[in-house]
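Student: Sequence first, predicted coordinates after that:
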Amino acid sequence: MDKKDLWPNLLMVGAAKGGTTTLHYALDQHPQVFMSGKKEPGYFAWPEEELTFINNGKLVTKPRFLVNHLDEYLALFEDGRNKKIRGESSTTYLFFYEKTIANILRIHPDPQAVHIVITLRNPVERAFSQYMHKLRDGAETLDFEDALEMETKRKTDNWHFDYQYTSRGLYYAQVKAYLDHFRKVKIYLSEDLRKEPEGIVQSLEDSLEIDRVPLLFGDNLNASGEPKSEAINKFLKKPNLLKKIVGGLLPKELRRKLRLKVQSTVYQYNLEKKELNPETREKLKKYYREDILKLQELINRDLGSWIK
């Protein structure tokens, strides 16, 4: 059986905590689009590679998120064989842009037919949100300022890349590389997605040359925050008997949609938002200032609010 019509022609590459999850599940409702059920497969960052890292002090040798073998990767799109658009979302593709781009150009049978979607968020807010995400998952024990101090050492010690809170927000080189290598690149800002999600999706539908259809937008499906109840948080994140029983009774697609709805609803009530220390915020603005100024010229958008 020909596998050429299994390859994705839409890659949503990040940035992490920038709205990729919202767009992924909105587009997944479109009748002409198939988005992989597994988010963050990361194939083009590590094709046929073994990936090991430290997560919260523990060695991880088989990351659950990673799909790094070709047959397994293409199988993600089997049910989308007859769709006009087959897509996946891996925010690692933006951060590890050099190797990802090289691998897409080397492996994909028609790389210039691939639509690249980039969503960018104020890097100061993004860094803090990434930290709160790790805190939510019980994978961060330091306060934010101490975690920033430890970032370089953690990178040297091969900690998971999600602990690189600040460097993931240096967007200029990441975005420029995709613009330099691909013809079909769309860039959106997370603030635009929050203010006018329907307009952003219509713009994306036009870019993908698919029909404009009304799509539903869920609440924040990948919310960050400090859990009020650790017991509830663990129930959401870890396997348990109740989830196994219910899951066994429902079709796969319905099970996935139900899980997302329950997760987003519970997160609304169980996650407590924390405020970024004003002094830390100013330090991060200075850290990102030069990169933001270059980025706004590159994408022709006023990003002054990010550094004011």
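Tutor: Ah, there it is. Numbers count the residues shown, from 1 in each chain.

Student: Pro111 - how many residues pack around it?
Tutor: Using other C-beta atoms under 10 Å, Pro111 is surrounded by 19 other residues. In this view, the C-beta of every residue, glycine as well, is placed from N, C-alpha and C.

Student: need the contact list for it.
Tutor: By C-beta atoms under 8 Å, 6 or more residues apart in numbering, the contact set of Pro111 is Ile104, Leu105, Phe182.

Student: Quick one, which of these are buried?
Tutor: Buried subset of the contacts of Pro111 (neighbour count, 16 or more other C-beta atoms under 10 Å): Ile104, Phe182.

Student: Point out where the chain drops to low pLDDT.
Tutor: Applying pLDDT under 70 to the chain flags residues 1-2, 218-271.

Student: Give me the subset of the contacts of Pro111 that lies in strands.
Tutor: Assigned to strands by DSSP state E, none of the contacts of Pro111 qualify.

Student: could the contacts of Pro111 be laid out in a markdown table, adding distance to Arg212?
Tutor: Listed next are these as a markdown table, based on distance: C-beta to C-beta, whole Å:
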| residue | distance to Arg212 |
| --- | --- |
| Ile104 | 28 |
| Leu105 | 31 |
| Phe182 | 24 |
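
Student: gap between Leu204 and Glu72?
Tutor: Noted for Leu204: a distance of 27 Å to Glu72, by C-beta to C-beta, to the nearest Å.

Student: okay, those two: which has more neighbours?
Tutor: Leu204 (21 against 13).

Student: Contacts only, for that one.
Tutor: Counting by C-beta under 8 Å, 6+ apart, Leu204 touches Leu23, Leu27, Val117, Lys186, Tyr188.

Student: Which strand or helix spans it?
Tutor: Element membership for Leu204 (DSSP states H and E) is helix 197-208.

Student: Output that helix as PDB, restricted to C-alpha atoms.
Tutor: Written as PDB, here are the backbone C-alpha positions of helix 197-208 (Å, rounded to 0.1, in the frame of the first residue of the first chain):
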ATOM      1  CA  PRO A 197     -10.000  32.900  17.500                       C
ATOM      2  CA  GLU A 198     -12.600  32.600  14.700                       C
ATOM      3  CA  GLY A 199     -10.700  35.100  12.500                       C
ATOM      4  CA  ILE A 200      -7.400  33.300  13.100                       C
ATOM      5  CA  VAL A 201      -8.900  30.000  12.100                       C
ATOM      6  CA  GLN A 202     -10.600  31.500   9.000                       C
ATOM      7  CA  SER A 203      -7.200  32.900   8.000                       C
ATOM      8  CA  LEU A 204      -5.700  29.400   8.500                       C
ATOM      9  CA  GLU A 205      -8.500  27.700   6.500                       C
ATOM     10  CA  ASP A 206      -7.900  30.100   3.600                       C
ATOM     11  CA  SER A 207      -4.100  29.400   3.800                       C
ATOM     12  CA  LEU A 208      -4.800  25.600   3.700                       C
END
